[in-house]
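S.K.: What follows is a predicted protein model with its sequence.
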Amino acid sequence: MADTIYALASGAGRAGIAVWRLSGEGSGSALSSLTGCPLPPARRAVRAVLRDHDGEPIDDGLVLWFPAPASFTGEDVVELHLHGGRAVAQALGQALARLGLRPAEPGEFSRRAFAGGKIDLTHAEAIADLVAAETSAQRRQALRQMDGSLAALIEEWRRRLVSILARLEAAIDFAEEDLPSSLIDLTRTEAAALSADLARHLADNRRGEILRDGLHITLLGAPNAGKSSLLNRLAGREAAIVSAEAGTTRDVIEIHLDLAGWPVILADTAGLREAAGQIEAEGVRRALARAEAADLKLAVFDAALVPNLDEATCEVIDDATLVVLNKRDLSSSLLPETVAGRPVVAVSAKTGDGLDDLLSWIGEEVQQRFAVGPAPVLTRARHRAAAEAAERALSGFDPSGDLGLAAESLRAAATALGRITGRVETDEVLEAIFREFCIGK
Ligand SMILES: Nc1nc2c(ncn2[C@@H]2O[C@H](COP(=O)(O)OP(=O)(O)OP(=O)(O)O)[C@@H](O)[C@H]2O)c(=O)[nH]1
Ligand SMILES: [K+]
Ligand SMILES: [Mg+2]
């Protein structure tokens, strides 16, 4: 029998109400011991005074009884709604420990729900994502995944694989000489169609993962172009040092922004130039490495220096770059509409002029490149790795050769997909997934 576990499900610290959760076979008897009463009707909030083994009152609150299997974990579950506070928490913890319960590990409730077949892995991950969501778009994505849409898509792919496999096995059962070629041809076209569907989902610009993990935008430009000033403006605080001295910034400095629901990690970097010393050279190396890994880049130029645009910055411009002409307060000349073939926005970090245009422009670009529609998306590198493995296995499918081998590649593809929802999973991978949960989830 598994241990009966308990945890504070709501946040720790002082609060009007704290919600505790118990799960396991001992939950019901623990509740009866605490209240000194028989179990209340299922799923109905009932007021009760909880007492420790000496009859000393712990608190006066609400209790709920969720008998198995109609509970979150599928086990007997009890919920206690008590007053939030350290003394109540301590007294309750002691009373529960005395009754033989133990504190839950992080993610243990979700893990039990998974083990009990209540939720699949994508659902468990969605709960963690929802709890961690910081922007509205992240919250919506987590809710969509919790809804089961991703799991349904993966299951649909698996179902198609299994049906191709069934046809192939039917073909294998025929004698060599009268192999029905139409059956074989059908498996070939169906596998190709599935492979194309997988490829289409994989070529989605990693938008689900980017929305979950945050979008990386990097500021790049010559020394003194005003990158740090711009970062500070967008952050609304003095996050980075600004000075008239070229080569001020060396380390990469990050701030977090909520850009129209998108979690953005905006990075300031060292000015690009032939560095004067070792430290600055390292800063430039980090700037370029950051640029390489960015989802979107902002190339910043000093508008007052137009048309003599900094060459090192021009070199990093590609189609994932927006060009910003800063210090427009200093420039009286007509500014170009494009730089290196990319559209331009003129701003002044000093006066704040054009900053709203810049923000809405970034917002539009992000929307265009990474917007997540109603269709389910892969939201974790784990999902992507599994889907890629399935696609690879599927690309090895060749029913014109050895049929046994062909069946094997279909089975490998199905196993890879099953890993996403947890149909086949090793303990090691499960550990990694549930470890990131907080206690009480
Ligand atoms: N007039 C004016 N001055 C600006 C503007 N933006 C920045 N500056 C000034 O330009 C100088 C350099 O600004 P920084 O923000 O340190 O420039 P940077 O690109 O981060 O420079 P490095 O870190 O050295 O690469 C400072 O003296 C700023 O006050 C602007 O929009 N208008
Ligand atoms: K500077
Ligand atoms: Mg700087």
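M.R.: Cool, got the structure. Ligands and ions are numbered 1, 2, ... in the order given.

S.K.: Please, where are all the strands along the stretch 51-200 of the chain?
M.R.: Residue ranges of the strands in the stretch 51-200 of the chain, as given by DSSP state E, counting those that start in this stretch, are 57-66, 77-84, 102-103.

S.K.: Relative to Thr421, which of those strands is closest?
M.R.: Nearest to Thr421 among the strands of the stretch 51-200 of the chain is strand 77-84 (23.4 Å), distances taken as CB to CB. Bear in mind the C-beta positions are built from the backbone N, C-alpha and C, glycine included.

S.K.: circling back to that earlier point, kindly reformat the strands of the stretch 51-200 of the chain as JSON lines containing mean pLDDT.
M.R.: Shown next, in JSON lines, are those (pLDDT from 0 to 100):
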{"stretch": "strand 57-66", "mean pLDDT": "97"}
{"stretch": "strand 77-84", "mean pLDDT": "96"}
{"stretch": "strand 102-103", "mean pLDDT": "96"}
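
S.K.: got a markdown table for these, with mean neighbour count and distance to ligand 3 too?
M.R.: Putting these into a markdown table (neighbours: other CB atoms under 10 Å; distance: least, CB to the ion, whole Å) gives the following:
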| stretch | mean neighbour count | distance to ligand 3 |
| --- | --- | --- |
| strand 57-66 | 19 | 54 |
| strand 77-84 | 21 | 45 |
| strand 102-103 | 14 | 47 |
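
S.K.: Format those as CSV; extra columns: distance to ligand 2.
M.R.: Shown next, in CSV, are the strands of the stretch 51-200 of the chain (distance: least, CB to the ion, whole Å):
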stretch, distance to ligand 2
strand 57-66, 58
strand 77-84, 48
strand 102-103, 52
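
S.K.: Out of the ones you listed, which is closest to Ile253?
M.R.: Judged by CB to CB, the one of those that comes nearest to Ile253 is strand 77-84, at 37.2 Å.

S.K.: got the buried residues for the helix or strand encompassing Ala385?
M.R.: Ala385 belongs to helix 381-395 when elements are defined using DSSP states H and E. Across helix 381-395, burial judged by 16 or more other CB atoms under 10 Å covers 382-384, 386-387, 389-391, 393-394.

S.K.: go on, stretch 318-337?
M.R.: Under 16+ other CB under 10 Å, the buried positions of stretch 318-337 are 321-329, 331.

S.K.: same check, this time on stretch 34-45
M.R.: Neighbour counts using 16+ other CB under 10 Å place 34-35, 39-40 of stretch 34-45 among the buried residues.

S.K.: So which residues make contact with it?
M.R.: With contacts defined as CB atoms under 8 Å, 6 or more residues apart in numbering, stretch 34-45 is touched by 28, 31-32, 46, 48-51, 58, 62-67, 70, 80-81, 95, 99.

S.K.: need the longest helix for this protein.
M.R.: If you go by DSSP state H, the chain has its longest helix at helix 149-173.

S.K.: so how far is Glu315 from the nearest residue to Arg286 once chain neighbours are set aside?
M.R.: Leaving out its chain neighbours, the residue that sits closest to Arg286 by CB to CB, 6 or more residues apart in numbering is Val252, at 5.4 Å. Here Val252 is placed at a distance of 19 Å from Glu315 (CB to CB, to the nearest Å).

S.K.: The two - which one has more neighbours?
M.R.: Val252 (16 against 13; other CB atoms under 10 Å).

S.K.: On the three-state scheme, the nearest residue in space to Ala244 that is not next to it in sequence is what?
M.R.: The shortest distance from Ala244 to any non-neighbouring residue, by CB to CB, 6+ apart, is to Asn224 (7.2 Å). Taking DSSP: H, G, I helix; E, B strand; the rest coil as the rule, one finds Asn224 in the coil state.

S.K.: Contacts only, for Asn224.
M.R.: With CB under 8 Å, 6+ apart, Asn224 has these contacts: 244, 246, 271, 302.

S.K.: Show me which of those is closest to Gln90.
M.R.: Gly271 (54.7 Å).

S.K.: Surely that closest one touches Ser228?
M.R.: No. Counting by CB atoms under 8 Å, Gly271 stays clear of Ser228, with 9.3 Å between them.

S.K.: shared neighbours of the two, anything?
M.R.: By CB under 8 Å, 6+ apart, the residues touching both Gly271 and Ser228 are 248-249.

S.K.: On the three-state scheme, Lys350 is what?
M.R.: What three-state DSSP gives for Lys350 is coil.

S.K.: what's the nearest residue to it if we skip its chain neighbours?
M.R.: In this structure, Lys350 finds its nearest non-sequential neighbour in Asp329, 5.7 Å apart by CB to CB, 6+ apart.

S.K.: what's the spacing between that neighbour and Ala304?
M.R.: The gap separating Asp329 from Ala304 is 9 Å, by CB to CB.

S.K.: how about low-confidence regions in the stretch 151-300 of the chain?
M.R.: Scanning the stretch 151-300 of the chain with the threshold set as pLDDT under 70 gives 174-180.

S.K.: how about CSV for the buried residues of stretch 34-45, with pLDDT, distance to Ala128 and secondary structure added?
M.R.: Formatted as CSV, these follow (pLDDT from 0 to 100; distance: CB to CB, whole Å; DSSP: H, G, I helix; E, B strand; the rest coil):
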residue, pLDDT, distance to Ala128, secondary structure
Leu34, 98, 30, helix
Thr35, 97, 32, helix
Leu39, 97, 31, coil
Pro40, 97, 31, coil
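
S.K.: ok, so of these, who is nearest ligand 1?
M.R.: Set against ligand 1, the nearest of the buried residues of stretch 34-45 by CB to the nearest ligand atom is Leu34 (60.6 Å).

S.K.: Among the buried residues of helix 381-395, which one sits closest to ligand 2?
M.R.: Of all the buried residues of helix 381-395, ligand 2 sits closest to Arg384, with 39.2 Å by CB to the ion.

S.K.: ok, that closest one touching Gly208?
M.R.: No. Contact status for Arg384 versus Gly208: not in contact, 9.0 Å apart, counting by CB under 8 Å.

S.K.: Might you list the low-confidence residue ranges for the stretch 301-441 of the chain?
M.R.: Residue ranges of the stretch 301-441 of the chain with pLDDT under 70: 424-433, 435-439, 441.

S.K.: now the helices: where do they sit in it?
M.R.: With DSSP state H, counting those that start in this stretch as the criterion, the stretch 301-441 of the chain has helices at 311-316, 355-370, 381-395, 403-421, 427-435.

S.K.: Quick one: closest of those to Leu183.
M.R.: With CB to CB, the closest approach to Leu183 among the helices of the stretch 301-441 of the chain belongs to helix 403-421: 10.7 Å.

S.K.: now the angle from the closest one to helix 149-173?
M.R.: Per axes from the mean of the first three to the mean of the last three CA atoms, to 10 degrees, the angle that helix 403-421 makes with helix 149-173 is 170 degrees.

S.K.: Distance from helix 403-421 to the middle of the chain?
M.R.: Computed by CA atoms, centre = their mean, to the nearest Å, the chain-centroid distance of helix 403-421 equals 26 Å.
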